[in-house]
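Asks: Here is my input; please provide its structure:
(2 chains)
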Amino acid sequence: DAGVTQSPTHLIKTRGQQVTLRCSPISGHKSVSWYQQVLGQGPQFIFQYYEKEERGRGNFPDRFSARQFPNYSSELNVNALLLGDSALYLCASNLAGGPFDNEQFFGPGTRLTVL
Amino acid sequence: DAKTTQPNSMESNEEEPVHLPCNHSTISGTDYIHWYRQLPSQGPEYVIHGLTSNVNNRMASLAIAEDRKSSTLILHRATLRDAAVYYCIGNGGSQGNLIFGKGTKLSVKP
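Replies: Residues are numbered from 1 along each chain as shown, chains lettered A, B, ... in the order given. Prediction:
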């Protein structure tokens, strides 16, 4: 079975530009979460979407936005890129069947470099 | 969400058991304890989770203290492929929101 897929694998942008990252969850998973992982740190929660609705949002500025499509895939958009946005962006999916069903399946991530 | 404390790094010899500790003294009665690991250049991978009782699966065992203020992830026979950063996470059952700390970097020596 295919796992969580993310595209692109790597991306280089310059300050001020905008970027869109894409994620396809495991088939049957209706929840998608996004995380940012800066080098040397653990992943930090950005957003969670379930059934196309935003379920949770971490402590990130409004430059970060996301959406989920009817097929449960998701996009993360970051506007007005800053050098500090350079990180590994991880997407995770889960069944979201309830509060106990919390095993997250992570994709390999998109490495974003902002110059 | 419960704050967790883990050692920054640990070392183990191949084929020996490894005990990775985690303190989560602020954990609430409904917080599950989750363990994930992240191998180099990969996304985090689920290892195990539990609430009160000790848990076993094909990857590891999770021993939870009776007062639930600490837990230990047990790898019964470490292999070189187990070298990774191990994250202990306590959260309130939110459907997608995992709060990662810095984790414990496990090195396995042949």
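Asks: With adjacent residues omitted, what lies nearest to residue A:11?
Replies: Distances taken as C-beta to C-beta, 6 or more residues apart in numbering or on different chains put residue A:112 closest to residue A:11, at 5.0 Å, once the chain neighbours are dropped. Every residue, glycine included, has its C-beta placed from N, CA and C.
Asks: ok, now which ones touch that neighbour?
Replies: Residue A:112 is in contact with A:11-13, A:19, A:21, A:78, A:85-89, counting by C-beta atoms under 8 Å, 6 or more residues apart in numbering or on different chains.
Asks: Where do the strands of chain A begin and end?
Replies: A:5-7, A:10-13, A:19-24, A:31-37, A:44-50, A:53-57, A:64-68, A:74-78, A:87-94, A:105-106, A:110-114 (DSSP state E).
Asks: in the sheet, who's paired with the residue most central in space within chain A?
Replies: Chain A has residue A:34 as the residue nearest its centroid, 2.8 Å off, counting by C-alpha atoms, centre = their mean. On the basis of DSSP bridges, residue A:34 takes part in beta bridges with residue A:47, residue A:91.
Asks: Help me confirm that it comes into contact with residue A:77.
Replies: No. In this structure residue A:34 lies outside contact range of residue A:77 using C-beta atoms under 8 Å: 10.5 Å.
Asks: how many other residues sit next to residue A:41?
Replies: If you count neighbours by other C-beta atoms under 10 Å in any protein chain shown, residue A:41 ends up with 13.
Asks: quick revisit: which neighbours do residue A:34 and residue A:77 have in common?
Replies: Jointly contacting residue A:34 and residue A:77 under the rule C-beta under 8 Å, 6+ apart are residue A:66.
Asks: Quick check: residues of chain A near chain B?
Replies: A:4, A:31-33, A:35, A:40-45, A:48, A:50, A:55-56, A:58, A:90, A:92, A:94, A:96, A:98-109 (C-beta under 8 Å from any C-beta of the partner chain).
Asks: ok, now with 7 Å
Replies: Along chain A, the residues adjacent to chain B under the rule C-beta under 7 Å from any C-beta of the partner chain are A:31, A:33, A:41-43, A:45, A:48, A:50, A:55-56, A:90, A:94, A:96, A:99, A:102-104, A:106-109.
Asks: Against residue A:89, how distant is residue B:65?
Replies: 35 Å (C-beta to C-beta, to the nearest Å).
Asks: Please read the previous query as pertaining to residue A:33.
Replies: Separation of residue A:33 from residue A:89 (C-beta to C-beta): 11 Å.
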